[in-house]
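Visitor: Sharing a sequence plus its predicted fold:
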Amino acid sequence: MKRFEPRDGLFAMLSLVATLAAAQAAPPPTHFQALRLSAEDAPVRLDGRLDDGVWQRAARHRYFAQRSPTANGVVPDGLRTEVQVVVDDKALIFGVRAWDTQGPQVMLSRRDGVQADQDFIGVWLDTTGRREAAVFVKAGLAGVVTDGLYRAADDEDDLGPDFPVEVAVARLDDGYSLEMRWPLAALRYPFDSEVPWGLVVARAVPRADNLLLISQKADPEALSFINHMLPLEGLAETLQQHRSQRITAVRAEWTLRQSREAGQRQGEGSLGVEALWRPRADWVFNTTLNPDFAQVEIDAPQGRGNRSVAIQLPEKRSYFLESADVLGLTAPAFYSRTVADPRWGVRSTWRGAQADATALVLEDRAGAVALRGRPWGTEAWQLNAPSSSTLLRARWQAEDRTVGLMAAERKVTDQQANRVWGVDGLERHNAGDTHLQGRWHALLSENSVAVDEQGLTRARYGSPERGARLWAQGTQSTPDWFNYAEASWVSPEYVNLQGFSPQAGLWHAKLELNRRLGEQTLPLGQEGLTLYETEWHLGLEESRSLRDHSQAEPGGEVIHRGVRVGGWLRAPGRTVVWANVGPDQQRARSGGLLHATPNLQGGLETSPWPWLTRLSANGSWGRMLDTELDRLGTGGWWAVEAKTRWALPGGQSLELDPVFTGLRIGAEAGQPGLQDLGWQVLALWHLDGQRSLRAIVQQERSQRSAAGALPGSLSQNQHRSLMWRQRLNPQWQVSLGLQWDASTGQATRREAFAKLQWDSGL
């Protein structure tokens, strides 16, 4: 037997260091490789430990680069990350080994509450390979997930969709390991496409200066996060078998409500059902029957009264969220929350290699909010009768280009209907470190729905009014510049009762120029303060009304003219600071004066401590326009929001999120002053991953002082609610809640509800 010499240990250590250095210096890999499990392989035990035999055979992806705070900066040796992918007949399974000798942050949080303020592993999947959209899951180390849909054109997340992903985490002395199981039945993809799926994996390490690592070299000028995707190879055989399988899923919910208002008691019970049928990979049919409107997340009120403010709430009804990327438009031509209380709905969605389409038909009960844009604001009323909605949507896609068509109708009666038709498109060009993107749409509308003096819907007299909406947007990103331009023209006759167009009868133009100055170091302290990003900003904006004979609108009047000069910077602690100054001008109504409203705006967002995960403060001070009285005053607005997270004994946690807002316009020249104040506190107590208690306390107060012949006024709104939610098992969930609302001039409303949900699973 060879005798061990000290130099052997030294050589081994040097060899290991050299191997790691070579791996880090090696060029980024060109793809991920999934290992297909055979019938002889034992199923992967989802315990987070990566000790199944298949993990010894699966390819290891070891290349990770900084995306922030410094693109492609040095990755500390103690934060190495490895990713492996295996696939069986039913699911993709991701295995992640993350090294961290100082210990990651583990904290219970609400679903969709896992963000960069805690350690997480994120997986983004593009099942078309075109890098236009991706479904994603970010898994925290307590097993909680944030999931949804990412749209590349907007570089934004939609947290509405929820996926039946299973996550298991194992804590280790030198870090942790994680396993994630994503059922193939929850993924939508073309039937016969040969384009590989795209994949990007990210890891957040907040204690290490809020480090975010990604599985590819970072492109700091990229206009979308999924620009960093790599092809995921090794799925062809599995998808060949899976794409013809039939999949059925059913969700049912029973809701009981008891309310009291103005001394009147009212009780109701409802049963809602949603069903999905996938005959093969490229076709999905789903239907809904009497879905409960209160199907929103735990941090939103659950009352029946939500129907009256539908447009303000995030969409959580699976009927509308199915294949949401296909439904997505560059225009707010269809906004599902305008459908408040459906009786029933039927929908089908198809995906092809170069095209996709969706169609839906539904009936909505009376009471939905209808919105019509005007140059100086938005008209709102309730449809006093049931209405039906129809939507047809199709898109054609090339490598860097998308063109879409849509047609929508909302009908109250045969004589009361609103129709919208349109075409939209997107185009991208990337050349080296220059990224360009253009988006546009052209919409036509025909409307025969009008409102009488009592606010009741009626048929429009005479022929229907016909209008149009044109819009274009361009974005440029280079190492030195980030520039944005937008222009729109909306005729006074344009009406869309199942979209969201807050203004019509105007044209609008906007230009933003941002000069990137790169990383800077301020001479503070011994080592200085590093500013990871700094920019100078110039913004120009103008809106003008269009001539409208029906409203005696002369046209050509400036509604708003804005000039913004300032800048922003990003510092350690996920700190962003911005400030602008601008000699703005604003007009309150047609024929009114164009007021000069110069102001100073600024804001701060930071994550200073682990328990204070986000603190933001924004505000403005200067000359402000009281649009109701069409007069100027000195004042400003402000908003402060804090998100805190506290560890409790026994693995429990408490989330406490206060928000404070205010607006003040001082009294001048015999004119009354105006003061609005509001605050809300959201508290979430997580007993474990299955049980939580949520409380919301909210109050708003608006007061106008008396002046001259004008009397003072006071208006207040209050809300209190409490909700318990418990997941009994993967199929069953129960929610119990109490709610109390009071407003000036209205009867106090009290409500209690109980909801039981059952999901068949996929």
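Guide: Sure, I can see it. Numbering: from 1, shown residues only.
Visitor: Would you check how far apart Ala262 and Thr748 are?
Guide: 8 Å (C-beta to C-beta, to the nearest Å). The way it works is simple: take the backbone N, C-alpha and C, and place the C-beta from them, glycine included.
Visitor: More neighbours: those two, which one.
Guide: A count of neighbours by other C-beta atoms under 10 Å puts Thr748 above the other of Ala262 and Thr748, at 12 against 8.
Visitor: Which residue is the nearest non-sequential neighbour of the more buried one?
Guide: Spatially, and ignoring its direct neighbours in sequence, Thr748 is nearest to Ala742 (4.4 Å; C-beta to C-beta, 6 or more residues apart in numbering).
Visitor: which residues of this structure fall in helices?
Guide: All helices of the chain, identified by DSSP state H, fall at 6-25, 54-57, 236-242, 318-321, 324-327.
Visitor: Starting from Leu677, give me the distance back to Ser705.
Guide: Ser705 is 14 Å from Leu677, by C-beta to C-beta.
Visitor: same check, this time on Arg62
Guide: For Arg62 relative to Leu677 (C-beta to C-beta), the value is 54 Å.
Visitor: With Gln757 instead?
Guide: 37 Å.
Visitor: Show me which of the two is the more surrounded one.
Guide: Neighbour totals were compared for Gln757 and Leu677, and Gln757 leads with 20 against 15 (other C-beta under 10 Å).
Visitor: partner residues bridging that one?
Guide: Glu253, Gln733 (DSSP bridges).
Visitor: pretty sure it is touching Glu253, no?
Guide: Yes - Gln757 is in contact with Glu253 according to C-beta atoms under 8 Å; the separation is 4.6 Å.
Visitor: got the contact list for the closest residue to Leu648 other than its chain neighbours?
Guide: Among residues not flanking Leu648 along the chain, Leu654 sits closest, at 5.9 Å (C-beta to C-beta, 6+ apart). By C-beta atoms under 8 Å, 6 or more residues apart in numbering, the residues touching Leu654 are 645-646, 648, 683-686.
Visitor: List just the nearest of those residues to Val490.
Guide: The nearest member of these to Val490, counting by C-beta to C-beta, is Leu684 at 40.7 Å.
Visitor: what ranges of the stretch 201-350 of the chain fall below the confidence cut-off?
Guide: Applying pLDDT under 70 to the stretch 201-350 of the chain flags residues 293-312, 329-332.
Visitor: at 80 instead, please
Guide: 292-314, 328-333 (pLDDT under 80).
Visitor: ok, now the stretch 401-550 of the chain?
Guide: 454-455, 500, 525-527.
Visitor: Which parts of it are strands?
Guide: 401-413, 416-431, 434-447, 449-451, 457-459, 465-477, 481-490, 506-516, 520-522, 529-531, 533-545 (DSSP state E, counting those that start in this stretch).
Visitor: contacts for the first one?
Guide: Read that as strand 401-413. Against strand 401-413 from outside (C-beta under 8 Å, 6+ apart): 132, 329-330, 333-334, 383, 385-396, 417-428, 449, 457, 459, 496-499.
Visitor: Go again with 7 Å.
Guide: Contacts of strand 401-413 with the rest of the structure, by C-beta atoms under 7 Å, 6 or more residues apart in numbering, involve 132, 329, 333-334, 383, 385, 387-396, 417-427, 449, 457, 497-498.
Visitor: Derive a ChimeraX selection command for the buried subset of those.
Guide: Selection of buried members from those for ChimeraX, criterion 16 or more other C-beta atoms under 10 Å:
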select :132,329,333,334,383,387,389,391,393,394,395,417,418,419,420,421,422,424,425,426,449,457,497,498
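Visitor: Gln671: what's it in contact with?
Guide: Contacts of Gln671 (C-beta under 7 Å, 6+ apart): 629, 631, 633, 707.
Visitor: Which member of those residues is positioned nearest Gln33?
Guide: Gly633 (65.1 Å).
Visitor: Please report how far the residue nearest to the closest one when sequence neighbours are not counted lies from Arg631.
Guide: Nearest residue to Gly633, sequence neighbours excluded (C-beta to C-beta, 6+ apart): Ile665, at 3.9 Å. Here Ile665 is placed at a distance of 9 Å from Arg631 (C-beta to C-beta).
Visitor: what's the answer for Gly438, then?
Guide: To Arg631, Gly438 is 42 Å away according to C-beta to C-beta.
Visitor: and the spatially most central residue of the chain, what pLDDT?
Guide: Computing the C-alpha centroid of the chain and ranking residues by C-alpha atoms, centre = their mean puts Asp158 first, at 3.3 Å. Asp158 is assigned 88 on the pLDDT scale.
Visitor: same deal with Ala368?
Guide: 83.
Visitor: which ones are touching it?
Guide: 338-341, 382-383, 387.
Visitor: out of the residues you listed, who's nearest Gly53?
Guide: Val339 (50.4 Å).
Visitor: Spatially, what comes nearest to that closest one if we skip its sequence neighbours?
Guide: Leaving aside its chain neighbours, Val339 sits nearest to Asp364 (5.0 Å; criterion: C-beta to C-beta, 6+ apart).
Visitor: Check Met180 too.
Guide: Phe94 (4.4 Å).
Visitor: doesn't Val123 make contact with that neighbour?
Guide: Yes - under the criterion of C-beta atoms under 7 Å, Phe94 makes contact with Val123 at 5.8 Å.
Visitor: Give me the common contacts of these two.
Guide: Both Phe94 and Val123 are in contact with Met180, where contact means C-beta under 7 Å, 6+ apart.
Visitor: all strands of the stretch 101-250 of the chain, in order?
Guide: So, for the stretch 101-250 of the chain - with DSSP E, counting those that start in this stretch - the strands run 120-126, 133-140, 145-151, 156-158, 166-172, 175-183, 197-205, 211-214, 230-233, 247-261.
Visitor: Bridge partners for the residue nearest to Met180, pull those for me.
Guide: When assigned by DSSP bridges, Phe94 has beta-bridge partners Val85, Met180.
Visitor: I'm done for today, thanks for sticking with me.
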